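J.: I would like the atomic coordinates for the input below:
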Amino acid sequence: MSNLPGTQVPFADRLADRLGAGSVAGLLLKLLFLGVVNGLTLYAILTLLPLREWTPLIVVVVATVAIDVVYLSKRQIALKFLLPGTIALLIFQVYPVLYTAYIGFTNYGTGNVLDQQQAIDRIIADSVTVPDDAIRYQSTPLQNEAGDLALLLDDPDGDLFLGTEEGLTLLEEGDVAGEGASQVVLGEYQPITLGDLGEREAEILAFTVPIAGEDSDELGVEGEASAISVQTFSTAAAAVQSLEYDAEEGVIRDLEDGTVYTPVDGTFTAPDGATLRPGFREFVGFENYQRVLTSEAIRGPFFRVFLWTFAFAILSVVTTFVLGLALALALNDPRMRLRRSTRSLLIVPYALPSFMTALIWQGLLNTTFGPINRILGVEIPWLTSQAFAGALPKFSVILVNLWLGFGYMFLITTGALQAMPEEVKEAARVDGASGWQILRQITLPLLLVAVGPLLIASFAFNFNNFNTVFLLTGGGPPIQGTLTPAGHTDILISFSYRLAFAGGRGQDFGLAAAISTIIFFLVAVFSYIGFKRTAVLEEIN
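T.: Predicted coordinates:
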């Protein structure tokens, strides 16, 4: 922008320059972008605030403020490039890890999904029942301008009542004006339109009108009835509540026999051991980690799965690397013909989606209908054999993973080999080194420096290679005699999935999250050790 003395700079250009935009068009694009971001933030705030989701609300507000400050500043050039990636890293990487670790310290799972207040509300609501001889009402759902719900109730005697969250009101002549959709009750409430009925269906059907004990006789309602409960959009009935919550003591009491239910391990429990459902989430400390190490039902299969996970990850890396390197060395020889075509064909298994390839292999290895068994004229249970701790299914998983992964190793080793200086190898040949000596003492050390970090990443990937195991064998065949569902080919991540979603006895997210956290730290530790070893190789070279 020109700032020559005596030159009049337009206001729009001066504003664009002050806000770090090179031109008016750039300024408009920046304002448009920030407008969209702030508009989405406002929508998120209005959505999260009524739900009291404070953590995501704070994250959204802080991220938006950071974006506004950085992109409206003329100086923060570097942050303009770093901020989007940093926010994405925090949201999609750091937050899931921290949240998973937090869940590992709770009893979150089947029966313990709600927080304590939500569980109390559900228990109390479920305790409200309608006796067979209860008074039935014709009801009309109403709302005022503020959107507050109410019911216009017509009892069998012809009396009219207005039911709100505060209680029942007996209506006199003149309190109801008009008819049908134009009806007005107490000059405030009107019938809910058909459109609003659909949107508020769940809220209307869960709506109850409390009945004060001293008003029961005056209103002609049974003394035992504690509320009027909506049955359908047009009917309601006097209901009886059998449980109540004592906020001072933090217990739930049975109004019929006086039994007191106290919160114990996420469940309201009576002295005789009877419980009320649903339970609620609560912090349990290291209990889930203790269960992994001490519970016989979990410890037995866990350590078998743990050892197989390491074996699977190591064997997958070693086999794919050896085959990929062998093919790369062969095709790196200029005397080989059709090198380009062959290289293109070798990366096809890696280029195909792994989930599709795993399902194809599952069909190929099918005991009864698989083409492999039909060609060989045998019925080998490639994926279901229990012999030798599931040795054959484990071999099949390694074989399929070799097919899926050797193309990747072939690509990275080919690139590393072509980047090596030929002068070093030529000097070794002049000194009389054999081909094996050149490979072992020159090629491999230089190669490992280049591909070492990628081998570590491959180990971490195979340590959590859920797709291949789950789609090929489903983790099976099952380990016989275990109380916790586990299979011979299960790795830790598929074992966690079984615990979280396919346990058969309910979902145990807390335990699965604890095992996932253990996996995270194991991978982190071994990756750190691997990178340290890679640094040693660099120093040697």
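
J.: so where is the stretch 1-150 of the chain shaky, pLDDT-wise?
T.: Scanning the stretch 1-150 of the chain for pLDDT under 70 picks out the ranges 1-24.

J.: for it, what spans make up the helices?
T.: 11-18, 24-51, 54-71, 77-89, 95-103, 116-126 (DSSP state H, counting those that start in this stretch).

J.: Mind giving me the packing neighbours of the last one?
T.: With contacts taken as 3 or more CB pairs under 8 Å, 6 or more residues apart in numbering; DSSP states H and E, helix 116-126 sits against strand 243-246, strand 251-254. Every residue, glycine included, has its C-beta placed from N, CA and C.

J.: hmm, try it at 10 Å
T.: When contacts are defined as 3 or more CB pairs under 10 Å, 6 or more residues apart in numbering; DSSP states H and E, helix 116-126 packs onto strand 243-246, strand 251-254, strand 260-264, strand 267-269, strand 275-276.

J.: The first one pairs with which strands, parallel or anti?
T.: Partners of strand 243-246 in the sheet, by DSSP bridges, are strand 251-254 (antiparallel).

J.: can you list contacts of the strand it pairs with?
T.: Residues from elsewhere that reach strand 251-254 (CB atoms under 10 Å, 6 or more residues apart in numbering): 119-120, 123-124, 127, 242-246, 259-263, 268, 270, 274, 276.

J.: Can you pull the domain assignment for this structure?
T.: 11-103, 128-241, 292-540 (automatic domain parsing).

J.: would you list those in CSV and tack on mean neighbour count?
T.: Below are the domains of the chain laid out as CSV (neighbours: other CB atoms under 10 Å):
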stretch, mean neighbour count
domain 11-103, 13
domain 128-241, 16
domain 292-540, 17
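
J.: With residue 111 as the reference, name the closest of these.
T.: domain 292-540 (6.5 Å; CB to CB).

J.: about what we covered before: quick one, which of the contacts of strand 251-254 are buried?
T.: 119-120, 123-124, 127, 243, 245, 259, 261, 263, 268, 276 (16 or more other CB atoms under 10 Å).

J.: Alpha carbons only: can I get stretch 168-181 in PDB?
T.: The C-alpha coordinates for stretch 168-181 follow below in PDB (Å, rounded to 0.1, in the frame of the first residue of the first chain):
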ATOM      1  CA  LEU A 168     -54.000 -27.800  40.100                       C
ATOM      2  CA  THR A 169     -56.300 -24.800  39.900                       C
ATOM      3  CA  LEU A 170     -60.100 -25.300  39.800                       C
ATOM      4  CA  LEU A 171     -61.500 -23.200  37.000                       C
ATOM      5  CA  GLU A 172     -64.700 -21.100  37.400                       C
ATOM      6  CA  GLU A 173     -67.100 -20.000  34.800                       C
ATOM      7  CA  GLY A 174     -65.500 -17.400  32.600                       C
ATOM      8  CA  ASP A 175     -62.000 -18.600  33.100                       C
ATOM      9  CA  VAL A 176     -62.200 -20.400  29.800                       C
ATOM     10  CA  ALA A 177     -63.000 -18.300  26.700                       C
ATOM     11  CA  GLY A 178     -63.500 -19.400  23.100                       C
ATOM     12  CA  GLU A 179     -63.500 -22.900  21.700                       C
ATOM     13  CA  GLY A 180     -61.100 -25.200  19.800                       C
ATOM     14  CA  ALA A 181     -57.800 -23.700  18.700                       C
END
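
J.: Report the mean confidence score over it.
T.: Averaging pLDDT along stretch 168-181 gives 85.

J.: Okay, residue 77 and residue 27: tell me how far apart.
T.: Using CB to CB, to the nearest Å, we find residue 77 at a distance of 16 Å from residue 27.

J.: Export the domains of the chain as CSV, with columns for distance to residue 111.
T.: CSV is the format used below for those (distance: least, CB to CB, whole Å):
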stretch, distance to residue 111
domain 11-103, 15
domain 128-241, 21
domain 292-540, 7
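
J.: how about the ones you listed, which one is nearest residue 283?
T.: The nearest among the domains of the chain, by CB to CB, is domain 11-103 at 9.0 Å.

J.: chain center to that closest one: distance?
T.: Put simply, domain 11-103 sits 24 Å off its chain's centre (CA atoms, centre = their mean, to the nearest Å).

J.: cool, and stretch 156-175?
T.: Distance of stretch 156-175 from the chain centroid (CA atoms, centre = their mean) equals 48 Å.

J.: what does it contact?
T.: Taking CB under 10 Å, 6+ apart as the rule, stretch 156-175 contacts 135-139, 142, 144, 148-155, 176, 184-189, 207-212, 215-216, 218-221, 227-228, 230, 236.
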